[in-house]
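In: For reference, the sequence and a predicted model appear below.
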Amino acid sequence: MNGGARGESGSVLATGELPEDARVDAALRPTTLAEFIGQQRVRDQLGLVLRAAVGDGRVADHVLLSGPPGLGKTTLAMIVAGELGVPIRITSGPAITHAGDLASVLTSLVPGEVLFVDEIHRLPRQAEEMLYLAMEDYRVDVIVGKGPGATAIPLELPAFTLVGATTRAGLLPGPLRDRFGFTAHMDFYEPDDLCRIVSRSAGMLGVALPSDAASEIALRSRGTPRIANRLLRRVRDFGQVHGNGEVGLDTARSALELYEVDDLGLDRLDRAVLKALVGMFGGGPVGLSTLAVAVGEEPETVETVVEPFLVRTGMVMRTSRGRVATASSYTHLGLTPPGNPKDERTDRQEQLRLPEPLNG
Ligand code: ADP
């Protein structure tokens, strides 16, 4: 899962999976399509693909799920296996370091099994090419030996369903993308759906959560169930320490304030990016790597973790000349957008502190 530096630093808004998430995520995962909340179109379409396969008694088409981290791609892969009544094998692009790794996974599948490859865009080139044949003909050519004496030994594979997940669909080569019978793009969740997810998780964790507190958590979860579940746990902890286990709207607000998650779900890194864009680069356009250096992050983190949400909320635009702040960026930082005749500094602008530029 691509959480980038924010994931590694353990921020409460990390989109990637933190060590503490793995256990709780597993416990909170819906196990059937009917239990899976939101993403109606993906659910309907996938439901049809699965029902058709089960009805015909054949192996289901390969499925590609794309979208930002934490939206439920792994969960859906498990649901696919569950609905088909077959086992699932889980691996990821980075875990497969060469084609031989993939060959040993493929040759040990049982008939009908679902193979889930997370971050499939990160498969090594040779493994990716091996997958073309495996997906199309359920066959692999295992190369034995090296140099001119190397020979390809064809091996039959059991029929299987590949479920690939990617946060970067654009990085997937055309020939690989074309071999998936069904492709679904998962988008950020609507607040109502997130609210239902938070309430469901609260019930499973034994937390009595009033609906106003659930929607407060939902609104600050950046459209992402993984973040919603994590914020819920922080709110529950806060309630245990400060309120004898009681969790109300005030508890939720205080906990989220403590973790510096603002009312739109932006954290310190998001705000640092906005402040740099507005304060250091006059609102842009500015290139991704310049912006990343200004906030001391990797360009990939800014691109995959910070930007998608800022773009979605309309605060940042990606243009061919670089990133540009929109009027709502200024408003969110308490500033007057440029071009506004009443271009006065507000109190919050005085307080605006720019991120420290990196040395050198
Ligand atoms: P991804 O693979 O896209 O990074 P996951 O499938 O690991 O995301 O989802 C993260 C967590 O969010 C899951 O453990 C699950 O508890 C929760 N979750 C994701 N989607 C849903 C959903 N539609 N309904 C309920 N919970 C969800």
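Out: Alright, I've got the coordinates. Residues are numbered from 1 along each chain as shown.

In: who's in contact with residue 248?
Out: 210, 212, 213 (Cβ atoms under 8 Å, 6 or more residues apart in numbering). For every residue, glycine as well, the C-beta is placed using N, CA and C.

In: Which residues are in contact with the one residue in the stretch 51-200 of the chain that gets nearest to the ligand?
Out: Using Cβ to the nearest ligand atom, the single residue of the stretch 51-200 of the chain nearest to the ligand is residue 72, 2.7 Å away. Remark: with contacts taken as Cβ under 8 Å, 6+ apart, residue 72 is in contact with 36, 39, 186, 225.

In: mind redoing it with 10 Å?
Out: 29-30, 36-39, 42, 65, 78-79, 165, 186, 189, 197, 224-226 (Cβ atoms under 10 Å, 6 or more residues apart in numbering).

In: and of the contacts of residue 248, the nearest to the ligand?
Out: Once Cβ to the nearest ligand atom is applied, the member of those that ends up nearest the ligand is residue 213, at 17.9 Å.

In: Can you tell me the closest non-neighbouring residue to that closest one?
Out: residue 252 (4.2 Å; Cβ to Cβ, 6 or more residues apart in numbering).

In: Remind me which helix or strand that neighbour belongs to.
Out: helix 249-258 (DSSP states H and E).

In: what's the offset of that helix from the middle of its chain?
Out: 25 Å (Cα atoms, centre = their mean, to the nearest Å).

In: Packing partners of it?
Out: helix 211-219, helix 225-242 (3 or more Cβ pairs under 10 Å, 6 or more residues apart in numbering; DSSP states H and E).

In: and the stretch 51-200 of the chain, which of its residues are near the ligand?
Out: For the stretch 51-200 of the chain, the residues in contact with the ligand (Cβ under 6 Å from any ligand atom) are 69, 70, 71, 72, 73, 74, 75, 165, 197.

In: so who does residue 308 touch?
Out: Contacts of residue 308 (Cβ under 10 Å, 6+ apart): 15, 67, 68, 69, 167, 187, 188, 222, 223, 224, 316, 318.

In: Assumed the fourth one was part of a strand.
Out: No - with DSSP: H, G, I helix; E, B strand; the rest coil as the criterion, residue 69 is assigned coil and is not in a strand.

In: Can you report how many residues lie near it?
Out: For residue 69, the count of nearby residues is 25 (other Cβ atoms under 10 Å).

In: Surely it touches residue 305?
Out: Yes - using Cβ atoms under 10 Å as the test, residue 69 is close enough to residue 305 to be in contact (7.8 Å).

In: okay, residue 24: pLDDT?
Out: Note on residue 24: pLDDT of 67.

In: now the strands for the stretch 51-200 of the chain?
Out: 63-66, 88-92, 114-118, 139-144, 151-156, 161-166, 182-185 (DSSP state E, counting those that start in this stretch).

In: Turn those into CSV, columns for mean pLDDT and mean neighbour count.
Out: Below are the strands of the stretch 51-200 of the chain laid out as CSV (pLDDT from 0 to 100; neighbours: other Cβ atoms under 10 Å):
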stretch, mean pLDDT, mean neighbour count
strand 63-66, 96, 24
strand 88-92, 96, 17
strand 114-118, 97, 25
strand 139-144, 86, 15
strand 151-156, 88, 10
strand 161-166, 97, 26
strand 182-185, 94, 16
